[in-house]
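[1] below are the sequence and a predicted model; questions follow.
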Amino acid sequence: MSSIPEFHDRMLSLGLARVAEQAALASASLIGRGDEKAADQAAVNAMREQLNLLDIAGVVVIGEGERDEAPMLYIGEEVGTGNGPGVDIALDPLEGTTLTAKDMPNALTVIAMGPRGSMLHAPDTYMDKLAIGSGYPDGVVSLDMSPRERVEALAKAKGCAPSDITVCILERTRHERMIADVRETGAAIRLITDGDVAGVMHCAEAELTGIDMYMGQGGAPEGVLAAAALKCMGGQIFGRLLFRNEDEKNRAAKAGITDLHRIYTGDEMVTQDVIFAATGVTGGSLLPPLKRSPGWVETTTLLMRSKTGSVRRMTYRTPLASHQ
C-alpha cells in the first residue's frame, strides 16, 4: 500500500475556492484606483497566504514568472503545509490587473489544482490559441485552418450562418489581419483588452455569454489555465507555443519541451482531473463583481471539478471591517 497521500479533489475544492475569494477580497480596495502593481501584489500576498494553509505539497507550475521575480508566486515555488498530496498549481492571482485598475469588466482571480505532473509546464512565452464550447465533434476546427475556415466550419457544425457566430479576440496590433479575416465572413467579434482566460471560458457558456469561439495569441501560462477551466466546463482548446527569440526557446527546453511546433489539445495541456476556482473582481459575463454594502463585502466564486463535471457558483459575504 502506498503511503503517498491521494489527491482528493472533493476535499480540496472548498479550500481552493477560499484561495480565490481571499485574493479577490485583497484587491477590492484597489479597484479603479489606477495602480496595477499594487492590486496584483495584494492578490498575490493573499493567495500565497491561503495556499500555505492547505494540507498539500504544492508546486506552482503556472505562475508569475521565474524565481528571481519574487515576491510574485513564481514558477517552481513550493506552497502548502507539505502534509498532503503532491499537486500542481496553475494560477493568476489577478487576471486583468489593468481591468482592475481601470474598473473595467472581467477581472478575475484564477487558480487550478491537479495531481503532480498533471499540467503542462508552459514557459512564459506566447501561445496561439483556439477554443470552442462543448457539443461539437472532435477536430471541427483546428489551428492549421485560416480564421475564415474556422468560422465557416463552426457555423456548419452549429447549423447556422457564419453571421450568427461571435468570436472573442484580444485587441492587439498582431491580430489586425485575423480580425479583418473574421469580419469578412460576416461573423461578429467581441474585442477584449485583457483577460484571455475569461475569454476562453466564455466559449463554454455560449448561451450565457454570446461567444462561440476564441482565437488569437496570448500568454502560454494563461492557455494552460484556460485548458483547466474547459476540462471542467466542457469544450475544446488547442494551443501552439510561439517563440520570438532563443531565450524563449531555452525556457521551453528548461520546462522539458522538445517539440517546439507541437499543437497541444486541452487534454494534453491538462492530463488528469483538476479543480478550478475563479472569483469575480470586476463584473462580467461569467461572474458578478465584488459588491459592497454597509458593513459587508460579497464575492461570487465559480468552483468546478472536472472529475464530476460539477459547476458551483458560490456567494461569500463577510464583514467589511476585516477587508479595509
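    It's in.
[2] what about the strands in the stretch 151-300 of the chain?
    166-170, 188-192, 213-219, 236-242, 263-265, 275-280, 291-293, 296-305 (DSSP state E, counting those that start in this stretch).
[3] parallel or antiparallel, which strands does the first one pair with?
    Each strand that strand 166-170 pairs with, and the sense of that pairing, follows from DSSP bridges: strand 188-192 (parallel), strand 213-219 (parallel).
[4] quick one, what contacts Leu320?
    By C-beta atoms under 8 Å, 6 or more residues apart in numbering, the contact list for Leu320 reads 292, 295-297. Placement of C-beta: from N, CA and C, glycine included.
[5] re the thing from before, could you tell me the least trusted of the strands of the stretch 151-300 of the chain?
    Ranked by mean pLDDT, the strands of the stretch 151-300 of the chain end with strand 291-293 at the bottom, a mean of 89.
[6] just how off-centre is the host helix or strand of Thr109 within its chain?
    Using DSSP states H and E, Thr109 sits within strand 108-115. Relative to the mean C-alpha coordinate of its chain, strand 108-115 is positioned 8 Å out (C-alpha atoms, centre = their mean, to the nearest Å).
[7] what does the very next helix or strand once past that strand contact?
    Per DSSP H and E, the first helix or strand lying C-terminal to strand 108-115 is strand 126-132. With contact meaning C-beta under 8 Å, 6+ apart, strand 126-132 is reached by 140-143, 150, 154, 196, 200, 203, 212-220, 222-223, 226, 230, 235-242, 244.
[8] wait, isn't Ile275 in contact with Leu303?
    Yes - under the criterion of C-beta atoms under 8 Å, Ile275 makes contact with Leu303 at 7.5 Å.
[9] between those two, which contacts overlap?
    Common neighbours of Ile275 and Leu303 (C-beta under 8 Å, 6+ apart) are 13, 16.
[10] who has more neighbours out of those two?
    In terms of neighbours (other C-beta atoms under 10 Å), Ile275 is the more surrounded of Ile275 and Leu303; the figures are 26 against 22.
[11] what residues are up against the more buried one?
    9, 12-13, 16, 112-114, 232, 303-306.
[12] which of the contacts of Leu320 sits closest to Glu184?
    Glu184 lies nearest to Arg292 out of these, by C-beta to C-beta, at 44.8 Å.
[13] find the residue closest to that closest one in space, skipping its chain neighbours.
    Leu320 (6.6 Å; C-beta to C-beta, 6 or more residues apart in numbering).
[14] what about the one you found, distance to Pro294?
    According to C-beta to C-beta, to the nearest Å, Leu320 stands 8 Å off from Pro294.
[15] now the common contact residues for those two.
    With C-beta under 8 Å, 6+ apart, Leu320 and Pro294 have no common neighbours.
[16] below-threshold pLDDT in the stretch 101-250 of the chain: ranges please.
    In the prediction, the stretch 101-250 of the chain carries no residues with pLDDT under 70.
[17] now do the helices in the chain.
    9-27, 36-51, 97-101, 147-158, 176-184, 196-204, 206-209, 220-233, 246-254, 266-269 (DSSP state H).
[18] take those and write them to JSON lines, including mean neighbour count.
    Below are those laid out as JSON lines (neighbours: other C-beta atoms under 10 Å):
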{"stretch": "helix 9-27", "mean neighbour count": "23"}
{"stretch": "helix 36-51", "mean neighbour count": "21"}
{"stretch": "helix 97-101", "mean neighbour count": "24"}
{"stretch": "helix 147-158", "mean neighbour count": "19"}
{"stretch": "helix 176-184", "mean neighbour count": "15"}
{"stretch": "helix 196-204", "mean neighbour count": "28"}
{"stretch": "helix 206-209", "mean neighbour count": "14"}
{"stretch": "helix 220-233", "mean neighbour count": "28"}
{"stretch": "helix 246-254", "mean neighbour count": "14"}
{"stretch": "helix 266-269", "mean neighbour count": "18"}
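[19] those helices: which one's closest to Met314?
    The nearest among the helices of the chain, by C-beta to C-beta, is helix 9-27 at 6.3 Å.
[20] which other helices and strands does that closest one contact?
    Applying 3 or more C-beta pairs under 8 Å, 6 or more residues apart in numbering; DSSP states H and E, one finds that helix 9-27 contacts helix 36-51, strand 86-95, strand 108-115, strand 275-280, strand 296-305, strand 310-319.
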